[in-house]
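Participant: the following comprises the amino acid sequence and a computationally predicted model.
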Amino acid sequence: MKTDIILAGVGGQGILSIAAAIGLAAIENKLFIKQAEVHGMSQRGGDVQSNLRISDKEIASDLIPTSNADIIIAIEPMESLRYLPYLNKNGRIITNNTPYINIPNYPEIEAVIDEIKKNPKNIILDADAIAKDIGSPRSSNMVMLGAASHFINIKFESIENAVRSLFLSKGNDVAELNVKALNAGRKEVS
Amino acid sequence: MKNILLLGDEAIAQGAIDGGLSGCYAYPGTPSTEIMEYIQHSKTAAETNIHRVWAANEKTAFESAIGMSYAGKRCLVCFKHVGLNVAADAFMNSAITGINGGLVVVSADDPSMHSSQNEQDSRVYAKFAMIPILEPCNQQEAYDMAYTAFELSENIGLPVMIRITTRLAHSRSNVATKSPKQQNDLHLPKTAKQFILLPAIARHNYESLLEKQKTMQQLSEKSPFNKYIDGENKSLGIITTGIGYNYLMENYGDKPCEYPVLKISQYPLPRNFVEKIYNECNQILVAEEGYPVVEEMLKGFIHDNSKIRGRLSGDIPRTGELTPTILAKALKFDVDEPCDIPDLVASRPPQLCQGCGHRDVAEMVNNAVSDYGKGRVFSDIGCYTLMALPPFNAIDTCVEMGASITMAKGAADAGLVPAIAIIGDSTFTHSGMTGLLDAVNEKSPITIIISDNYTTGMTGGQDSSGTNKIAEICKGIGVDTEHIRLITPLKKNFEENLTILKDEMKYDGVSVIIAQRECIQTFARRMKAKR
């Protein structure tokens, strides 16, 4: 069993926290993991991505080959499309619908959503609104992880524990808010 | 033994700590920064008093490491590939002095230039210096190599290079750790004068370096990191280096590769294996990340060049990173054509943060320069390099660390007056200070803006060597105090700052404007920590 995931977003949106949570949960379940990310220059408001691979067998490459990813998880809708060359034919796009507009030529959001819907398997949710509703507006990333959790072959309880321990250093309240965001995202998708 | 999730960089750091490390010396640079950061956050490192403070630049880092090695202890030097250019003098001569305590240098290459100005291959430098190279294929090997490299270094009496590339540096995977070794005791070199490179002694040391090449060859042939994996189909033999091995195996999934594979992770090239694969196979494919280093070496000791395929033959693109897909194509596998990126997807280049002082500097410079015409702003390496992009388009050059001041000086020498240099505080103390002395000595008509945000911002906010010392340094170098101007780059000060810049641009000599404002990222982090 192997799951190849591309995490996509804009620098600062928290895709590395998603990666870290899945990583912790994978280790707890004695799975193999490879997670490649890009640091440095692109952190500053540029597009960022991470290749995340989980398997019960040893994994060779840190990078996902083109046309191979099972899921694209995006915290920003246009960014979900940037990595389409990596998605396999039956692959799924799970994305937030709130655009992050920091460039003058950002396309019409309706056109972006239409483009995402061209992929047969797509899940589009308003993660920002969900995060706001539960009183944790900065947790859109955890909402997205919750929504995607149905398609990651790891027990949800493990992911929950991972999120909790990941944010525990920032205090109990922060940790519980993030767990709440995770659960809210999970409920959006059935 | 523990099983932990580590970045390649972190695996090297943990391996070195467990391998008896006494000191790490480094200057931040993507993709190497996380090695030192991991050691700085390590409890063990604090408890065992491992040296872990950033150096002013890669050369000072390397020289301190030579000093620690001289005193008998094990040390690590880390930087990005272009940092090795800065450290090259120390690096090349450390192969002539040899070492006392184990000395391991980690040079992190950045093929595809994710965050760099070139994709130079550090293996070329190691070959130039004639020292062994270790090139891990995964995080576990990165750990194991760092763990054992000090002994390799001490056995052969030479520095050892660990060469990694971006993907390994910044990819996380499971690593099993080993039991920690003791640090070395303080002890002076056994051979007197080993570290005095007077010509007579250097000649002797050089002979001994040449002697050691045979031993290095034998060590490579016996290295646990080099493997010959036989395959039935001899129409092709595949040589991989570093993470090229993973990308090859990715193409075979659970099945073994049908062709013989030579996995190289320790250099010099293991000649026995190379000859074996060459003799047994009709063609050779070389899968290496970076320059065609192995491919060129093979062409050097194999007569029939036509059977070697790789980056020089065009089977693998000459530039950029390797990927599993590139190897699949070189192996002539059927590769599903990937979907295109939809046309509407716009590029999203990195930007200066909202609320960053460099933004105010850029606006001020654009305004001041408009009186004289474009093409006179020389910049440097750091966040402020992003001033090159819209909406600012404020700078005209960015070449290497420190080049802003000296290029402005050269252009002024040629008659381009006024010329402006924009440099960050960390880059200034890294290698701008010596250039400033040149300019002061010649009274060059240049205006230098040191955009001082009290940190090494681009790499994530590491300590900057010159914090709170910049004005004093400029004074000490001899800049006239009347022409050292402190400003705060904020919107409300725009007119006042602009007047200062315009005045200084009229001055027929060296002016330094120090634009001081804390990096918005380190500021936010500090406020959070307070709460």
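Facilitator: Great, that's in hand.

Participant: off-centre distance for stretch B:493-503?
Facilitator: On the basis of Cα atoms, centre = their mean, to the nearest Å, stretch B:493-503 sits 37 Å off its chain's mean C-alpha point.

Participant: give me the phi and psi angles of the most centrally placed residue in chain A.
Facilitator: In chain A, the residue lying closest to the centroid (Cα atoms, centre = their mean) is residue A:73, at 3.8 Å. Backbone torsions for residue A:73, taken as degrees, to the nearest 10, come to phi -110, psi 120.

Participant: what's across from it in the sheet?
Facilitator: With DSSP bridges as the criterion, residue A:73 is bridged to residue A:7, residue A:94.

Participant: residue contacts, it?
Facilitator: Counting by Cβ atoms under 8 Å, 6 or more residues apart in numbering or on different chains, residue A:73 touches A:5-8, A:18, A:94-95, A:144-145, A:148. The way it works is simple: take the backbone N, C-alpha and C, and place the C-beta from them, glycine included.

Participant: relative to chain B, how far out is it?
Facilitator: 17 Å (Cβ to the nearest Cβ, to the nearest Å).

Participant: once you drop chain neighbours, what's closest to the residue minimising distance to the centre of chain B?
Facilitator: Nearest to the mean C-alpha position of chain B, by Cα atoms, centre = their mean, lies residue B:80 at 0.6 Å. Using Cβ to Cβ, 6 or more residues apart in numbering or on different chains and skipping residues adjacent in sequence, the residue nearest residue B:80 is residue B:29, 3.3 Å away.

Participant: do residue B:193 as well
Facilitator: Using Cβ to Cβ, 6+ apart, the closest residue to residue B:193 is residue B:201 (5.5 Å).

Participant: am I right that the one you found is in a strand?
Facilitator: No: the assignment for residue B:201 is helix, going by DSSP: H, G, I helix; E, B strand; the rest coil, so no strand is present there.

Participant: quick one: neighbours of it, just the number.
Facilitator: When neighbours are defined as other Cβ atoms under 10 Å in any protein chain shown, residue B:201 has 17 of them.

Participant: for the residue nearest to residue B:519 when sequence neighbours are not counted, give me its contacts.
Facilitator: Leaving out its chain neighbours, the residue that sits closest to residue B:519 by Cβ to Cβ, 6+ apart is residue B:453, at 3.9 Å. Counting by Cβ under 8 Å, 6+ apart, residue B:453 makes contact with B:356-358, B:383, B:424-425, B:516-519, B:522.

Participant: so what's the residue of the stretch 351-500 of chain B found nearest chain A up against?
Facilitator: In the stretch 351-500 of chain B, the residue that lies nearest chain A is residue B:351 (4.0 Å; Cβ to the nearest Cβ). If a contact means Cβ under 8 Å, 6+ apart, then residue B:351 has A:44-46, A:102, B:386, B:389 as its contacts.

Participant: scan these and report the most crowded one.
Facilitator: residue B:386 (26 neighbours).

Participant: per-residue confidence at that residue?
Facilitator: In this prediction, residue B:386 carries a pLDDT score of 93.

Participant: okay, now the spatially closest residue to residue B:475 that is not a sequence neighbour: neighbour count?
Facilitator: Spatial nearest neighbour of residue B:475, excluding adjacent residues (Cβ to Cβ, 6+ apart): residue B:481 at 6.0 Å. As a burial measure, residue B:481 scores 9 neighbours (other Cβ under 10 Å).

Participant: cool, and residue B:482?
Facilitator: So residue B:482, with other Cβ under 10 Å, has 10 neighbours.

Participant: just residue B:331 next, same as before
Facilitator: 19.

Participant: same thing with residue B:469?
Facilitator: 13.

Participant: once you drop chain neighbours, what's closest to it?
Facilitator: residue B:429 (8.0 Å).

Participant: wait, that neighbour touches residue B:472, no?
Facilitator: No: judged on Cβ atoms under 8 Å, residue B:429 makes no contact with residue B:472 at a distance of 11.7 Å.

Participant: more neighbours: those two, which one.
Facilitator: residue B:429 (23 against 11).

Participant: residue 163: which element?
Facilitator: Here I'm looking at chain A. If you go by DSSP states H and E, residue A:163 is part of helix A:156-167.

Participant: can you look at chain B instead?
Facilitator: With DSSP H and E as criterion, residue B:163 is part of strand B:160-165.

Participant: against residue B:496, how distant is residue B:510?
Facilitator: Here residue B:510 is placed at a distance of 22 Å from residue B:496 (Cβ to Cβ, to the nearest Å).

Participant: so those two - more neighbours on which side?
Facilitator: It is residue B:510, of residue B:510 and residue B:496, that has more neighbours when counted by other Cβ under 10 Å, with 31 against 11.

Participant: distance of that one from residue B:489?
Facilitator: Taking Cβ to Cβ as the criterion, residue B:510 is separated from residue B:489 by 21 Å.

Participant: hey, where'd the helices end up in chain A?
Facilitator: Per DSSP state H, chain A carries helices over the ranges A:15-28, A:77-82, A:109-117, A:127-133, A:140-148, A:156-167, A:172-188.

Participant: relative to residue B:62, which of these is closest?
Facilitator: Evaluated over the helices of chain A, closeness to residue B:62 peaks at helix A:15-28, with 31.0 Å, by Cβ to Cβ.

Participant: specify the beta-bridge partners of residue B:79.
Facilitator: residue B:107.

Participant: ok, the contacts of residue B:351 vs residue B:250, which is closest?
Facilitator: Among those, and counting by Cβ to Cβ, the member closest to residue B:250 is residue A:46, at 27.2 Å.

Participant: quick one: residue B:151 from residue B:102, how far?
Facilitator: Following Cβ to Cβ, the distance that separates residue B:151 from residue B:102 is 7 Å.

Participant: higher neighbour count, the two?
Facilitator: More neighbours surround residue B:102 than the other of residue B:151 and residue B:102, with 30 against 15 (other Cβ under 10 Å).

Participant: and the more buried one, what is it in contact with?
Facilitator: B:20, B:69, B:74-75, B:149-154, B:160, B:184.

Participant: of all the residues in the stretch 251-400 of chain B, which ones are close to chain A?
Facilitator: B:251, B:254, B:323-325, B:328, B:335-342, B:344-353, B:383, B:386, B:390 (Cβ under 8 Å from any Cβ of the partner chain).
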